[in-house]
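Asker: Need coordinates for the following:
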Amino acid sequence: MLSLEEAQSRAQDLVSAARKAGADAADAIYACNASTNVSVRLGALEDVERSEGEEIGLRVFIGQRSASISASDMNPATLETLVERCIAMAREAPEDPYAGLAPEDRLLKKRPPSLDLTDEEEPEPAALRERALMAEDAARGVPGITNSEGGGAASGRSQVALATSHGFAGAYAGTSHSNWASVLAGSGADMQRDHASHSARHLRDLDHADAVGVRAGQRAVARLNPVKVGSGVMPVIFDPRIGSSLIGHLVSGIVGPAIARRSSFLLDQLGEAIFDSAVTIVDDPLRPRGLRSRPFDGEGLPVGRRALIDAGVLTGWLMESASARQLGLEPTGHASRGGSGAPGASVT
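Answerer: Numbers count the residues shown, from 1 in each chain. Okay, the predicted model is just below:
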């Protein structure tokens, strides 16, 4: 895996090549990752998987026309062809009055904040196997568990580098560690399945494999003998695992592209109470060791902690630059992007 400096240089070199080839503006994003995953079932090793990958994406602008392209082959000849094709595509693309890089005066100018996203510990496959076995054994040890779909453990490392032709260049890395188990309780038509998992940036923050396994077993057993609830008005308690999907519905309604297209179900709710006053939802991309934390957004803008819902009230939209221009607003540091395509908007 490249160093952060090498990853950043790779993105900068591609941007420079695009400018030399005739692009008025350009940005490039480089991403790479490597991970090891070990799974077991019924006390026996089932699979050991090692994956590595890298991708680089280029976006170019010719006036108000733009195009993007990506590749996983880092051969210099391939990247040269990548630039040529992207320039040719942009020249044939329709004009978009809102297309362009992020406002230069909004770019992150100082050193990106240190968020402690990387761990020096890299477990060997044998250690991952032991964790996987511990998770499954603990799950199978819960009274009422009758079968297992397996246990697993994984570790990984990733890097992201972004460069633009108007002055931004930055890179950051992250690590991940995880344990999981999935088991079945009961038998026949009454059999129930459930699972548990936990992930952390640092190994020392990871829930012990035993605890993850017990949680999986208890969840499966708790599903046995369900009772149908009668109709009525009553409070509902959502399992924390449902939280992300509930918030996902909210986010889909407050991202810039949905607002610009007027396709959001929350279009006229800005400043209105859409939750109970006891509900506050905070997006914090600067949380140390956060699984989704990042020091800058997908366009090179600084990020910050923000209450999306404050005491039940919707406080604003999540803007990347194109939607912000269309709506006459400012980008909010929520741009997200992959190897190809224009940036979208998302939370961390």
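Asker: Strands of the stretch 101-250 of the chain, start to end?
Answerer: 145-164, 169-185, 192-200 (DSSP state E, counting those that start in this stretch).
Asker: Tell me the strands beside the helix or strand hosting D27, with direction?
Answerer: Taking DSSP states H and E as the criterion, D27 maps to strand 25-41. In the sheet, strand 25-41 lines up against strand 44-62 (antiparallel), strand 145-164 (antiparallel) (DSSP bridges).
Asker: With mean pLDDT, distance to A278 and mean neighbour count added, can I get the strands of the stretch 101-250 of the chain in CSV?
Answerer: All C-beta spots, glycine's among them, are computed from the backbone N, C-alpha and C. Shown next, in CSV, are these (pLDDT from 0 to 100; distance: least, CB to CB, whole Å; neighbours: other CB atoms under 10 Å):
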stretch, mean pLDDT, distance to A278, mean neighbour count
strand 145-164, 98, 36, 22
strand 169-185, 98, 32, 23
strand 192-200, 98, 27, 18
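Asker: Among those strands, which comes closest to L117?
Answerer: Closest to L117 of the strands of the stretch 101-250 of the chain, according to CB to CB: strand 169-185, at 4.1 Å.
Asker: Now render the strands paired with strand 25-41 as JSON lines, adding distance to T36.
Answerer: JSON lines is the format used below for the strands paired with strand 25-41 (distance: least, CB to CB, whole Å):
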{"stretch": "strand 44-62", "distance to T36": "5"}
{"stretch": "strand 145-164", "distance to T36": "6"}
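Asker: which one of those strands lies closest to P125?
Answerer: Judged by CB to CB, the one of the strands paired with strand 25-41 that comes nearest to P125 is strand 44-62, at 5.6 Å.
Asker: Wait, R289 touches S199, no?
Answerer: No. If you go by CB atoms under 8 Å, R289 and S199 don't touch, sitting 11.2 Å apart.
Asker: Quick one, which of the strands paired with strand 25-41 gets closest to S231.
Answerer: Here strand 145-164 is closest among the strands paired with strand 25-41 (CB to CB), at 33.3 Å.
Asker: before we move on, back to that, mind putting the strands of the stretch 101-250 of the chain in CSV, distance to G333 included?
Answerer: Listed next are those as CSV, based on distance: least, CB to CB, whole Å:
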stretch, distance to G333
strand 145-164, 13
strand 169-185, 13
strand 192-200, 24
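Asker: Which parts of the stretch 151-300 of the chain are helices?
Answerer: 209-222, 240-252, 256-260 (DSSP state H, counting those that start in this stretch).
Asker: Nearest to V38, out of those helices?
Answerer: Among these, helix 209-222 sits nearest to V38 (CB to CB), with 11.5 Å.
Asker: Need the CA coordinates for stretch 112-119. CSV is fine.
Answerer: Only the C-alpha atoms of stretch 112-119 are listed here, as CSV (Å, rounded to 0.1, in the frame of the first residue of the first chain):
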residue,chain,number,x,y,z
PRO,A,112,-6.4,18.4,8.2
PRO,A,113,-7.3,17.6,11.8
SER,A,114,-5.9,14.4,13.3
LEU,A,115,-8.8,12.1,14.1
ASP,A,116,-6.8,9.0,15.2
LEU,A,117,-8.4,6.8,12.5
THR,A,118,-5.4,4.4,12.1
ASP,A,119,-4.2,1.6,14.4
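Asker: So for that stretch, what gets flagged as buried?
Answerer: Of the residues in stretch 112-119, P113, L115, L117, T118, D119 count as buried by neighbour count, 16 or more other CB atoms under 10 Å.
Asker: Those residues in helices, which ones?
Answerer: Per DSSP state H, helices hold no members of these.
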